[in-house]
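okay, sequence plus prediction incoming.
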Amino acid sequence: MGVVVFPGSNCDHDAYHVYKEIIGTDTKFLWHKEGSIGDRNIIILPGGFSYGDYLRCGAISRFSGIMKDVVRFANKGGVVIGICNGFQILCETGLLPGALIRNENLKFICKTVSLTVENNKTIFTGYYDIKEIINIPIAHGEGNYFCDDNTLSGLIANNQIVFTYNDNPNGSIKDIAGIQNVKRNVLGMMPHPERASDVTLGNTDGLKLLRSVADSVCI
Amino acid sequence: MFTAKIIITLRKTILDPQGKAVEHSLQSLGYNNITDTRIGKYIELKIDAENKIEAQNTADKACTKLLANSVMEDYQIEIIKDGEQN
């Protein structure tokens, strides 16, 4: 497991904690200036405000030293998960289609929301039931997923929509909360499973996701 | 040396909630003849180029590569040769 740290990442330690201490996998931080992901076999792009969200969320991080290697890794089939700001970065790199724009109500929304697992035949969601309802926190100002009609038809036809909101908080098209790429090795989602993976915090609905990925790649 | 004046706005097909909120506020001030309020970004930069076309091409590439995201944004570029009147 490799958790990329950009200047402004703030969920990097949460992801690291869950993978290292709760799931118990070999986990390392990867500083954004490194040119290579090294021996890491799963890459997490964590939440936060990389580069202060300057220009557009994720626009500048996309050109970070390590991102070139992350894109190479993903194009070869390597597993990459982008959470919140990580999802925004994945859209900016083009590893995932569409873009995340300002929430419809213009507010930064920080609360736990109810999601539906729309596709459980993925390496990310294999431990959930299809249509399982889970509660995961969101914390974003730009989480309103947008794509054009052609892209949306493609997402639906290829079963790329992984999570939807049950009570759409931000205006996302088709209530989309998380999508995967066509090759099914890259996941982007606005909700934070790493904030719902420790019993101490009272909610472990996100743990199955993070564990599922670790098990499918590390076994 | 040229100056590029770049205006980036959300694509017309995308609802601009910020523009809507501002327009609502303007209307509450009595400006009922104002519509279609769109909020965007203004970027100004200097380009060292041989001529206007080269400067335009550089600015265009900068927009497609980094400054604008074509999924959601449109951009307009105005190139002005330094020393010339706008």
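That came through, no problem. Residues are numbered from 1 along each chain as shown, chains lettered A, B, ... in the order given.

what bits of the chain have low per-residue confidence?
No chain in the question, so chain A it is. Along chain A, segments meeting pLDDT under 70 span A:218-219.

chain B, not that one
In chain B, residues with pLDDT under 70: B:85-86.

quick one: the helices in it?
In chain B, the segments counted as helices under DSSP state H are B:17-28, B:52-62.

neighbours of A:H13, just the number please.
15 (other Cβ atoms under 10 Å in any protein chain shown). All C-beta spots, glycine's among them, are computed from the backbone N, C-alpha and C.

swap in A:H17?
Neighbour count for A:H17, taken as other Cβ under 10 Å: 16.

for it, which residues are in contact?
By Cβ atoms under 8 Å, 6 or more residues apart in numbering or on different chains, the contact set of A:H17 is A:194, A:198.

beta partners of the closest residue to chain B within chain A?
The minimum distance from chain A to chain B, using Cβ to the nearest Cβ, falls at A:A99 (4.2 Å). Counting by DSSP bridges, A:A99 forms beta bridges with A:F146.

helix, strand or coil for the residue nearest to A:N181 when sequence neighbours are not counted?
In this structure, A:N181 finds its nearest non-sequential neighbour in A:L96, 5.8 Å apart by Cβ to Cβ, 6 or more residues apart in numbering or on different chains. Under DSSP: H, G, I helix; E, B strand; the rest coil, A:L96 falls in the coil class.

let me see the backbone angles for A:L96.
phi -130, psi 150 (degrees, to the nearest 10).

I'd say it and A:I89 touch.
No. Here A:L96 lies out of contact with A:I89, judged by Cβ atoms under 8 Å, at a distance of 9.5 Å.

need the overlap of contacts for those two.
Shared contacts of A:L96 and A:I89, defined by Cβ under 8 Å, 6+ apart, are found at A:G82.

any part of stretch B:52-72 near chain A?
Yes. Using Cβ under 8 Å from any Cβ of the partner chain, we find that stretch B:52-72 touches chain A at B:66-67, B:69, B:71-72.

spell out which residues of chain A are next to chain B.
So chain A meets chain B at A:55-56, A:59-60, A:63, A:91-92, A:97-99, A:101-106, A:146-148, A:171 (Cβ under 8 Å from any Cβ).

the same query, at a cut-off of 6 Å, please.
Proximity of chain A to chain B (Cβ under 6 Å from any Cβ of the partner chain) is limited to residues A:56, A:99, A:101-102, A:104, A:106, A:146.

picking up where we left off before, report the contact partners of the residue of chain A closest to chain B.
A:A99 is in contact with A:91, A:146, B:69, B:71-72, counting by Cβ atoms under 6 Å, 6 or more residues apart in numbering or on different chains.
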